[in-house]
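Colleague: build me a model from this:
(one chain, ligands or ions: 2)
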Amino acid sequence: MKHYFMEKDEVLRATGSTANGLTSSEAEQRLVKHGPNKLEESKKTTLSERILAQISDPMVLVLMAAAVISAITAKLSGESLSDVFIILFVVVLNTALGVIQESKAEAAIDALKKMAAATSKVMRDGRIVHIKSEELVVGDVVLLEAGDAVPADGRLISCVSLKVEEAALTGESVPVEKTDAVLEDSGTDIPLGDRVNMVYMGSSVVYGRGKMVVTATGMNTEMGKIANAITTAQEGETPLQKKMAQLSRILTVLVLGICVIMFGISLLRHFISPATPGTGLADTLLSSFMLAVSLAVAAVPEGLVAVITIVLSIGVTKMAKRNAIIRKLTAVETLGCTQIICTDKTGTLTQNKMTVVECSAFDEKLLASSLALCSDAELNEQGHAEGDPTQAAVVNFAKKIGLPKNELTARYPRVAEIPFDSERKLMTTLHKKPGGGFIQHTTGAPDVVISKCTKYYENGCVFPLTEEKRQFFISENKRMAAKALRVLAAAYREWETQPPLLSSEDESDLTFIGLAGMMDPVRDEVPAAIEQCRTAGIRPVMITGDHIDTATAIAMQLGIINDPSQAITGAMLDEISDEDFVNNVEHYGVYARVKPEHKSRIVNAWRSRGYVTAMTGDGVNDAPSIKNADIGIGMGITGTDVTKNVADMILADDNFATIVAAVEEGRRIYDNIRKAIQFLLSSNLSEVISIFIATIFGFTILKPAHILFINLITDSLPAIALGMEKGEADIMKRKPRDPKEGIFSGGMGFSIFYQGVMVAVLTLAAYFIGERIENGAWRIANSNDGMTMAFLTMSMAEIFHSYNMRSQYGSIFGIKKHNFYLFGSMLLSFILTAAVIYIPFLRNAFGFTHISPAEYVTALTLAILVIPVVELVKLLQRRNRKA
Ligand code: ADP
Ligand code: MG
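Modeller: Ligands and ions are numbered 1, 2, ... in the order given. This is a model prediction of the structure:
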């Protein structure tokens, strides 16, 4: 029989459960037997697919063609196959590295996804525990409340004003009101949208709370049936990755074009004036082909896209360690541009550890019992209240003055309720009185509560609420709020008989009891983080549901605003036209008593002024504003599933300081990627220039295998190491980056150019010195010593040049932090270049010659010159900028 046609206890029996849920051992057995509660994911890319993707890269294809052709000619002419082996070795190594990098990057993203995985509140062994939603089994009793994503299919066994949005299943976006009553079985089945005592995976709770017993998990859920193999959303590439992939493609096409032309030119030269009389066409063909290949290898920055991917994935892992969990990779780049951070106050700037420190009431005990009864927090075995911090604070307060919550509820059992929501800023519960009749307690924001009161309580009597008294209570509220206290008001209403349907209409004609003020200390890290925002050109904006005086007091204390006129309430905001608001948005730094819809208005105003805006949110109704922000930030602890699911980033510790740390990481990552790009492109340019000049004058400066070696070892390693740079000292002292500015802005194009020329000049100089030593005279001719020295100078120049990249404009001698990766890659390159020059069989394979120590030192000295040259240019640049 269908679960919705069963009585509650029938369903519990059918699922082998009880009203108190399963035991953990039973749940464990079921999990093993029926598997985890998750939808099957689309197939992951397999290893062979990955390898294929690497090999089908145009550059790799060119290299393999080169290998085949050299193999054939070597066979024909009986030469050694060393070139072929070197090329093949490089292809294999390159493919392996590419595959490893890609798998690592994917693993990093997967790990992040796990961290952001949904959890559920479940009854196990009769107690409420938080478990991963994946571990749910049939029979589990799950607690649901506003903002939760429904984790599995289930039948409701209790619910209070529960409303669920089921658009994913029914297409209907209006929330459905749910019930725990049995549905009447008239012989025909009813459509999913009408099964109002069931909730389904893929929907979300927008209001109220409830309990369900799980009837189906994983692929057996209705969601699982629709989406047989749900294709998880593809992780999009970031704008930077897209741009660089595009640049690589353009360069590849361009280079292949140039290669064809050069190939043609050398053929022509063969027929018009053969370089060496007597060389055959086949030889010329081969040498011009190899030349074209070396040019292609030189000009295409093979490592570029891979380096960006690695730096990004290492970056997000690092951010996760600092409690910022990135959900969308694009956020990493946007973070570095953040100009405005709109942040919640409660829990993000403050600790969310509320304590009642002051009351204003004629009867403190009545105030405490009203607040505690109208709260969902409960005392645990240790006697501490558990639940929402505001609600827990009042329960602790009541206990302190001798009114433990369990005793209160025993005397006044709750029979109905209207849950708290930040729209109404009220919460109401209805209780049965021991002597007969009912009492309603309504608590909430004092201004709202007072506006609903017509009477007040004083010394056992009830008096009509005069205007004078009303003003007095309002002034009491202001007095407490000005001390940065979060103030809650309590009121009651008596009923002879139970009102049939408790609704917000009944939150009227109340009798005012009093006020309780709670302290919520500022988080320790926040003042420093706000100061950091100031130097980094980022503006923090506080948004809160609290009273304007509470908000202003804390904001002034933190330095978010320096004048109370910069604070505004949601009600005042409603009076301002959109146009006026947009024009004045810079004036306001604090928004108090806001409703969730105001948040969207605030984000949109900042954005329409062109500011890159981040926005935090926790409640169900915050999802739209989080979606609208450039960076939507969800709360890991207090946040609801609904907001987490649309967020770009999640704060594992709900902490404002974490946002600032993430911005810093974002800036660092972008900086480092830029450094790696500048380094790689200037290196490629120097290779192209050297080969181009050598070709014009008819000598060989570097062979394809040499360039492959340089690109693979002395280019890629330092580029990745640059990605690990710790961040320049002024990283949080600069203004945010303009998101519209291109990657080559700020003189990077010029730097790439002059640095490429510099290394080329040094390499050519090394060649001619080697040539002179070998031949005893300055000539333009082929020389093995020249080639060997040119190779050494170019590889080592790259290494030294990578040190130049550590700071864009600053002197590298002023950097205090060490980069061990860079040092390691220098050491490794040192050893490897020496190995290919001095180990005989490698030397022969590469076609080098044994060079004397004097030649070695000369080549090194030339290479090291890149440091003083770049330092000098930076000095001039700094002078220029000051002027
Ligand atoms: P925020 O989370 O930004 O501080 P809320 O909308 O949660 O704002 O709270 C607004 C006001 O509603 C608070 O200042 C307090 O007076 C009142 N309030 C908050 N939580 C509760 C609750 N659980 N029950 C009753 N009143 C509450
Ligand atoms: Mg709140």
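Colleague: what domains does the record give for this protein?
Modeller: For the chain, whose domains are defined here by automatic domain parsing, the residue ranges read 3-41+117-232, 52-103+234-300, 325-350+524-654, 355-519, 668-883.
Colleague: is the first one positioned near ligand 1?
Modeller: It refers to domain 3-41+117-232. No: with CB under 6 Å from any ligand atom as the measure, domain 3-41+117-232 is seen stopping short of ligand 1, the closest distance being 11.7 Å. The C-beta positions use only the backbone N, C-alpha and C, and glycine is treated the same way.
Colleague: how far does stretch 300-313 sit from the chain's center?
Modeller: A distance of 19 Å separates the C-alpha centroid of stretch 300-313 from that of its chain, computed with CA atoms, centre = their mean, to the nearest Å.
Colleague: whoops, I mixed them up, stretch 21-39
Modeller: Using CA atoms, centre = their mean, the distance from the centre of stretch 21-39 to the centre of the chain it belongs to is 32 Å.
Colleague: taking the stretch 401-550 of the chain, what residue is nearest to ligand 1?
Modeller: residue 545 (2.2 Å; CB to the nearest ligand atom).
Colleague: burial measure for that residue, as a count.
Modeller: Per other CB atoms under 10 Å, the neighbour tally for residue 545 reads 22.
Colleague: give the contact list for the residue nearest to it when sequence neighbours are not counted.
Modeller: Excluding its sequence neighbours, the residue lying closest to residue 545 (CB to CB, 6 or more residues apart in numbering) is residue 422, at 5.1 Å. Shown in contact with residue 422 (CB atoms under 8 Å, 6 or more residues apart in numbering): 545, 595-596, 619, 621.
Colleague: and these, which of them are buried?
Modeller: In terms of neighbour count (16 or more other CB atoms under 10 Å), the buried residues within those are 545, 595-596, 619, 621.
Colleague: from those, which land in helices?
Modeller: Counting by DSSP state H, the members of the buried ones among the contacts of residue 422 that fall within helices are residue 596.
Colleague: ok, the buried ones among the contacts of residue 422 vs residue 833, which is closest?
Modeller: For residue 833, the nearest member of the buried ones among the contacts of residue 422 is residue 619. The distance, counting by CB to CB, is 60.1 Å.
Colleague: could you measure from that closest one over to ligand 1?
Modeller: As for residue 619, its distance to ligand 1 is 8 Å (criterion: CB to the nearest ligand atom, to the nearest Å).
Colleague: ditto for residue 366
Modeller: Remark: distance between residue 366 and ligand 1 (CB to the nearest ligand atom) = 17 Å.
Colleague: hang on, that residue packs against residue 513?
Modeller: Yes: taking contact to mean CB atoms under 8 Å, the distance of 5.6 Å between residue 366 and residue 513 places them in contact.
Colleague: so those two - more neighbours on which side?
Modeller: When residue 366 and residue 513 are compared for neighbours, residue 513 comes out ahead with 28 against 17, by other CB under 10 Å.
Colleague: what are the phi and psi values for that one?
Modeller: When quoted as degrees, to the nearest 10, the phi and psi of residue 513 stand at phi -100, psi -50.
Colleague: repeat that for residue 204.
Modeller: phi -140, psi 150.
Colleague: mind pulling up the pLDDT for it?
Modeller: In the prediction, the pLDDT value recorded for residue 204 is 90.
Colleague: dig out what it forms beta bridges with.
Modeller: residue 149, residue 165 (DSSP bridges).
Colleague: residues in contact with it?
Modeller: By CB under 8 Å, 6+ apart, the contact list for residue 204 reads 147-150, 164-165, 620, 641-642.
Colleague: also residue 769?
Modeller: Under the contact definition (CB under 8 Å, 6+ apart), the residues listed for residue 769 are 786, 789, 855, 858, 862.
Colleague: secondary structure added to these, as TSV?
Modeller: Converted to TSV, the contacts of residue 769 look like this (DSSP: H, G, I helix; E, B strand; the rest coil):
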residue	secondary structure
786	helix
789	helix
855	helix
858	helix
862	helix
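Colleague: may I see the residues you listed arranged in CSV, with distance to residue 680 as well?
Modeller: As requested, these are exported to CSV (distance: CB to CB, whole Å):
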residue, distance to residue 680
786, 26
789, 24
855, 28
858, 27
862, 21
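Colleague: out of those, who's the most crowded?
Modeller: With neighbours taken as other CB under 10 Å, the top of those is residue 789, carrying 31 neighbours.
Colleague: which helices and strands does whatever helix or strand residue 106 lives in pack with?
Modeller: Under DSSP states H and E, the secondary-structure element containing residue 106 is helix 82-115. With contacts defined as 3 or more CB pairs under 8 Å, 6 or more residues apart in numbering; DSSP states H and E, the packing partners of helix 82-115 are helix 47-55, helix 58-77, helix 303-321, strand 324-326, helix 704-709, helix 840-846.
Colleague: look up the closest residue to residue 494, ignoring the ones flanking it.
Modeller: Distance criterion CB to CB, 6+ apart; nearest residue to residue 494, sequence neighbours excluded, is residue 439 at 5.6 Å.
Colleague: tell me the contacts of the one you found?
Modeller: Applying CB under 8 Å, 6+ apart, the residues near residue 439 are 412, 430-431, 433, 492-495.
Colleague: just the buried members of those?
Modeller: A residue is treated as buried here by neighbour count (16+ other CB under 10 Å); on that basis the buried members of the contacts of residue 439 are 412, 430-431, 492-493.
Colleague: and those residues as a markdown table, adding secondary structure and distance to residue 46?
Modeller: As requested, the buried ones among the contacts of residue 439 are arranged in a markdown table below (DSSP: H, G, I helix; E, B strand; the rest coil; distance: CB to CB, whole Å):
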| residue | secondary structure | distance to residue 46 |
| --- | --- | --- |
| 412 | coil | 63 |
| 430 | strand | 60 |
| 431 | strand | 62 |
| 492 | strand | 66 |
| 493 | strand | 66 |
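Colleague: farthest-separated two in those?
Modeller: Looking at these by CB to CB, the two members farthest from one another are 412 and 493, with 13.9 Å of separation.
Colleague: spell out which residues of this protein are next to ligand 1.
Modeller: By CB under 6 Å from any ligand atom, the part of the chain that sits against ligand 1 consists of 344-346, 388, 390-391, 420, 422, 425, 427, 443-445, 486-488, 544-546.
Colleague: residues making contact with the helix or strand encompassing residue 31?
Modeller: Assignment of secondary structure by DSSP H and E places residue 31 within helix 24-34. Identification of contacts with helix 24-34 by CB under 8 Å, 6+ apart yields 16, 22, 124-125, 135, 137-140, 217-218.
Colleague: least confident pick among those residues?
Modeller: Minimum pLDDT for the contacts of helix 24-34 is recorded at residue 218 (88).
Colleague: wait, what's in contact with it?
Modeller: Contacts of residue 218 by CB under 8 Å, 6+ apart are 34-39, 152, 224.
Colleague: out of the buried ones among the contacts of residue 439, which is nearest to residue 57?
Modeller: Checking the buried ones among the contacts of residue 439 one by one against residue 57 (CB to CB), the nearest turns out to be residue 430, at 69.6 Å.
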